[in-house]
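Peer 1: Starting from these lines, generate the structure:
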Amino acid sequence: MNKIIKNIPNAITCLNLLMGCVALIFVFEGSKHLAAIFIGFSILFDFMDGFLARLLKAKSNIGKDLDSLSDLVSFGLVPATVVFVYMLDSGNLPNISSVIWLAAVPAFLITIFSAIRLAIFNNDLRQTDSFIGVPTPANAAFFMSFPLILEYTTPGTPIYLAIELLTGNYFNMLLLVVISSAMLVSNIPLFALKFKSFGIRENFISYLFLLITLLLVLILFIQAIPLVVIFYIILSLVRNLIGMN
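Peer 2: Predicted coordinates for the structure are as follows:
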């Protein structure tokens, strides 16, 4: 019975991986918005497996490795494939080869740098209570919000138009790929929503982030997702500058 309980977090991790595999199928079928929904489930399961591992005192090296392998698929491969499709479908894809899709291959820098990011995280003792570099789920949420916004929100809003401009231009997407890849392996400290206590003074930045996120979601709904990721990075930079918790 104890062995079953200890493997509950690993089972949740496998659900993360399964959601990523299903999302990949939806990308291949041309339903990027459905892929994004399943990556949303992956993010949920990724949070749950870590939470349950701490709660059940079931942390293990196998669980850590399984988590990273699952994250690589859900948060590294799937977003890169979505970006690949956007780049391939853009109106200004460079004609660098008779093999048209070669120009879109740089999209998979997201996968490569996600793998590096996850390997660093697994071996960096500084990242037990915070992050160094953008976490792969946050990076995935940013890119996977694009098809959600384009599919489910009203055309003509500023955020919709911005996403349409980004996804419709090869060079815009390439620039985003380069920036996000660099951010994944950067040395920028970012706060994590891991509470050792619930006091306001020691968790001010985390509470501020949660409050602003709630307001953005209430006002913008799905369109809030990329803004929340950007706000998370900016708030972390501000926190680093002023030395707050």
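
Peer 1: And Asn203, how far from Gln223?
Peer 2: 27 Å (C-beta to C-beta, to the nearest Å). (Glycine included, C-beta is placed from N, CA and C.)

Peer 1: between these two, which one's more packed in?
Peer 2: Neighbour comparison, Asn203 and Gln223: the larger count goes to Gln223, with 22 against 19 (by other C-beta atoms under 10 Å).

Peer 1: how much space between that one and Tyr207?
Peer 2: Where Tyr207 is concerned, Gln223 sits at a distance of 23 Å (C-beta to C-beta).

Peer 1: do Lys57 as well
Peer 2: Applying C-beta to C-beta, the value for Lys57 to Tyr207 is 27 Å.

Peer 1: buried set for the worst-scoring helix or strand of the chain on mean pLDDT?
Peer 2: Lowest by mean pLDDT, DSSP states H and E among the helices and strands of the chain is helix 2-6, with a mean of 78. By neighbour count with 16 or more other C-beta atoms under 10 Å, helix 2-6 contains the buried residues Lys6.

Peer 1: going on from that helix, what's the next piece of helix or strand?
Peer 2: Note on helix 2-6: by DSSP states H and E, the next helix or strand toward the C-terminus is helix 8-28.

Peer 1: Packing partners of that following helix?
Peer 2: Counting contacts by 3 or more C-beta pairs under 8 Å, 6 or more residues apart in numbering; DSSP states H and E, helix 8-28 is packed against helix 32-55, helix 61-71, helix 78-89.

Peer 1: Of these, flag the one that's most buried.
Peer 2: Most buried of the helices and strands packed on helix 8-28 by mean neighbour count (mean count of other C-beta atoms under 10 Å) is helix 78-89; its value is a mean of 23.

Peer 1: Kind regards, and thank you for your time.
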